[in-house]
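# 3D model of this:
(one chain, ligands or ions: 1)
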Amino acid sequence: MTLLVVTAVEAEAQAVRAGTSPDLVTVAAVGVGAAAVAAGTARLLALAEAAGRPHRGVVVAGIAGGFAGRAPVGATVLATRSVAADLGADSPDGFITLDDLGFGTAVAPADPALLETLRSALPDAITGDILTLNTATGTATTAETLAGRFPAAVAEAMEGYGAARAAAGASLPFAELRTISNTIGPRDRQAWRIPDALAALTKAVRALAA
Ligand SMILES: O=C(O)c1cccc(C(=O)CC[C@H]2O[C@@H](n3cnc4c(=O)[nH]cnc43)[C@H](O)[C@@H]2O)c1
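Numbers count the residues shown, from 1 in each chain. Below you'll find the predicted structure:
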């Protein structure tokens, strides 16, 4: 049984493939954002199951923004929890989470055993919450607000919670692995270190296969 590794874009999928073997891991780029990744991951899990080759777990992998002072550019991060940070309701008194609205939970914990396997292989990885956002942060004000709302968050990306929901729907273990391409804050796409983050992703996946 292979592990299913999903990424947002093909460049991330290629970086993962470069560090592993198709005998161990099935890698697919399923789109940007939690909705695309939830739909794509659920479909891949169902197809594999129908073909009699079910996956043994789901890892969402890719690049991410790191919170200043918590996860520097180039770092590898592992999610203890993938948190849908903008899923809920706005109000004059502040953000109301899905949990507080009584509509379920916006928090998807990583599978403890899978997370421990990843941590053992990646002892230098920074562990903490990874936020899932539909809108990548692009101002200092939003970065500060998120850092305050989520003191345990080390990074943000756009897919984790969606992949977690698909894994949960199939009763499979889930984890999120990211490498940091940029610091969360005022948008400066030129400053993103994408090739370095993709190289770090390959290195991290290679360590897992070792
Ligand atoms: O332009 C390229 O060559 C390229 C290669 C690989 C990946 C990209 C992306 O733009 C990936 C988008 C993906 O990255 C995550 N991400 C990265 N930084 C942040 C951030 O600060 N806030 C939110 N998401 C971030 C996210 O998961 C996107 O899906 C380009």
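# can you pull out the strands in this structure?
Listed in chain order, the strands of the chain (DSSP state E) span 3-7, 25-29, 57-66, 76-84, 88-89, 96-97, 107-109, 126-132, 153-157, 174-183.
# And the last one, what does it pack against?
This means strand 174-183. In terms of contacts (3 or more Cβ pairs under 8 Å, 6 or more residues apart in numbering; DSSP states H and E), strand 174-183 is packed against strand 57-66, strand 76-84, helix 112-121, strand 153-157, helix 160-169, helix 194-209. For the C-beta atoms, the positions are set from N, CA and C on the backbone; glycine is no exception.
# Any part of the fourth one near the ligand?
Spelled out, that is strand 153-157. Yes: Strand 153-157 lies within reach of the ligand by Cβ under 6 Å from any ligand atom, at E156, A157.
# swap in the first one?
Yes: Strand 57-66 is in contact with the ligand by Cβ under 6 Å from any ligand atom, via G62, I63, A64, G65.
# Quick check: chain neighbours aside, which residue is closest to the residue in the chain that the ligand sits nearest to?
Closest approach between the chain and the ligand, counting by Cβ to the nearest ligand atom: G65, at 2.2 Å. What sits nearest to G65 in space, not counting adjacent residues and going by Cβ to Cβ, 6 or more residues apart in numbering, is I184, at 4.1 Å.
# number of nearby residues for that neighbour?
I184 has 27 neighbours, counted by other Cβ atoms under 10 Å.
# my guess is it meets G69, correct?
No: counting by Cβ atoms under 8 Å, I184 sits too far from G69 to count as a contact (10.7 Å).
# who in the chain is up against the ligand?
8-9, 11-12, 32, 62-65, 133, 136-137, 156-159, 181-182, 184, 194.
# got the contact list for the residue sitting furthest away from the middle of the chain?
What lies farthest from the middle of the chain is P92; by Cα atoms, centre = their mean that is 30.2 Å. Not one residue lies near P92 by Cβ atoms under 8 Å, 6 or more residues apart in numbering.
# Appreciated, that's everything.
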